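Student: Dropping the sequence and predicted coords here.
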Amino acid sequence: MQNPVTDLAHYLGIGELTFGLEPRQRRALLIISVLPALLLLATLTQLGYEIEGSPFEFDSFSNNGLRVYRLSGVIQAPSAAAGLAVMMIAGIGRISRSEGSLCFVGTIVFAGLAILSGIYGLMIYVLIDTSEFQNVRDWYAPIALNFASLAGLVAAGYAFLAFRGLAPRAAE
């Protein structure tokens, strides 16, 4: 049995995925992936603070905790947009097949996260009668829907890089 990612690549007609990177390529992908990682970290931080208690009840949070919560909310949109811009700029140059393969995996991960969190947020608003609850925030649907849109942007950037790296070249 093969790897599911490799099976998906063959199904999509991409061909063989290669994952061997040179140190220069690793550094480039690490730099490209910093902003998407920051997006994930900020979303998880915000979700953790909301699960711990309502961030708007100033008694339950210390002053620093409230600042971290607000910072995590403010970082999310710029990190996704800047991450997409960095990926588009990085895609202007030549992308190797191994870099494209790893970006293909990143595309699958972020697209999957976007789909799952979007479905979760949609199901909360559609299937659950929110009038029974004090606040729909108890189900964290706004965070899930916000993350779905931002993860979709990051997935689009990774898809662009994967396309650039995995597209057949004239010499092939």
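Tutor: Arrived safely, thanks for sending.
Student: Which elements pack onto the longest helix anywhere in the chain?
Tutor: Longest helix in the chain, counting residues (DSSP state H): helix 97-127. For helix 97-127, the packing partners by 3 or more C-beta pairs under 8 Å, 6 or more residues apart in numbering; DSSP states H and E come out as helix 4-11, helix 23-32, helix 141-166. Placement of C-beta: from N, CA and C, glycine included.
Student: okay, the angle between it and helix 141-166?
Tutor: 160 degrees (axes from the mean of the first three to the mean of the last three C-alpha atoms, to 10 degrees).
Student: Run through the residues that contact Ala151.
Tutor: With contact taken as C-beta atoms under 8 Å, 6 or more residues apart in numbering, Ala151 is in contact with 39, 80, 110-111, 113-114, 117.
Student: repeat that for 7 Å
Tutor: The contact partners of Ala151, by C-beta atoms under 7 Å, 6 or more residues apart in numbering, come to 110, 113-114, 117.
Student: quick one: which of these is most hemmed in?
Tutor: Within the contacts of Ala151, most neighbours by other C-beta atoms under 10 Å means Phe110, with 25 neighbours.
Student: For the closest residue to it other than its chain neighbours, give its distance to Glu99.
Tutor: Nearest residue to Phe110, sequence neighbours excluded (C-beta to C-beta, 6 or more residues apart in numbering): Ala155, at 3.8 Å. Between Ala155 and Glu99 the computed distance is 16 Å (C-beta to C-beta, to the nearest Å).
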